[in-house]
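*Asks:* Any chance you can model this:
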Amino acid sequence: MKLIPIPAFDDNYIWMLHDGRRALVVDPGDADPVLAALQQGGLALEAILVTHHHGDHTGGVDTLRRSTGAQVYGPALERMPEPLQRLGDGDVIWPLGLRFEVLLVPGHTAGHIAYAGQLPGQDPVLFCGDTLFSAGCGRLFEGTPAQMLASLTRLAALPEATRVCCAHEYTLGSLRFARAVEPDNAELRAYQARAKALRDQHLPTLPSTIGLEKAVNPFLRTHLPAVALAVQQTAPDARDPVSVFAALRTWKDQF
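*Replies:* Model (predicted):
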């Protein structure tokens, strides 16, 4: 089973899984690059997984459904291109015969979901949309800091080998901010060098892993004294986990 990021727009990735014959894609904001990849690989698209309602994640769904007959899956609580199978927290689906558990992870949007997948003979995979980025997290457009912190904490509890398939190539920008939060984090510094080398070659920095994100992502590290102290330099009243996270997210928004 091959995992491929298909670039779209300026910095989106439409993730594809395929076995050489059958494929699924995640968050196809644009149908054209997906159709090109299907044709190039001689693949039949069987499933479309959607994490949330934003147009850069749903814009290609209707065209792909009409062109391929693929089954569409998406969140139960958000407006979606119909028809689709709506999914809630704890639901399990089996596209391509692969097991995916649905996780409700509100914060970026109110009904955002993620798909945690088990691939035989491979490390687990997480399609997390815009909830978790490498060294970062999504903006809070519809949810609260408490919701997003709970969602990220839930994702951080997945096995450390889980491959994190974020929907945007935001890694270098997120790492610049993470270095401002934790300038003495050696693993963060090393990861920044590796990520820059990849982007200099026009290669994706993704997927990441849960283990790596726990070591470098400040939004998964708000429980640590070093991160809390950094936040408190500009937000001295941020003392509990939610207020530290909220102040960190505000800092990133203004960075």
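
*Asks:* Going by C-alpha atoms from here, please, whenever you check contacts or count neighbours.
*Replies:* Will do.

*Asks:* which residues sit in contact with the residue lying closest to residue 41 once chain neighbours are set aside?
*Replies:* Sequence neighbours aside, residue 20 is the residue nearest to residue 41 in space, at 7.2 Å (criterion: CA to CA, 6 or more residues apart in numbering). Neighbouring residues of residue 20 by CA atoms under 8 Å, 6 or more residues apart in numbering: 1, 41, 42, 43.

*Asks:* want to try JSON lines for those, with distance to residue 8 as columns?
*Replies:* Output for the contacts of residue 20, formatted as JSON lines (distance: CA to CA, whole Å):
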{"residue": "1", "distance to residue 8": "22"}
{"residue": "41", "distance to residue 8": "18"}
{"residue": "42", "distance to residue 8": "20"}
{"residue": "43", "distance to residue 8": "19"}
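
*Asks:* For the residues you listed, work out which two are farthest apart.
*Replies:* Greatest spatial distance among the contacts of residue 20 (CA to CA): 1 and 42, at 14.8 Å.

*Asks:* which of the contacts of residue 20 are buried?
*Replies:* residue 43 (16 or more other CA atoms under 10 Å).

*Asks:* Kindly provide the distance from residue 80 to residue 73.
*Replies:* Noted for residue 80: a distance of 10 Å to residue 73, by CA to CA, to the nearest Å.

*Asks:* my bad, should have said residue 113
*Replies:* Residue 113 is 11 Å from residue 73, by CA to CA.

*Asks:* Who has more neighbours out of these two?
*Replies:* residue 113 (29 against 21; other CA atoms under 10 Å).

*Asks:* tell me the contacts of that one?
*Replies:* If you count contacts by CA under 8 Å, 6+ apart, then residue 113 has 51-52, 74-75, 88-89, 102-106, 128-129 around it.

*Asks:* Please repeat the previous calculation with a cut-off of 6 Å.
*Replies:* Listed by CA atoms under 6 Å, 6 or more residues apart in numbering, the contact set of residue 113 reads 51, 103, 104, 105.
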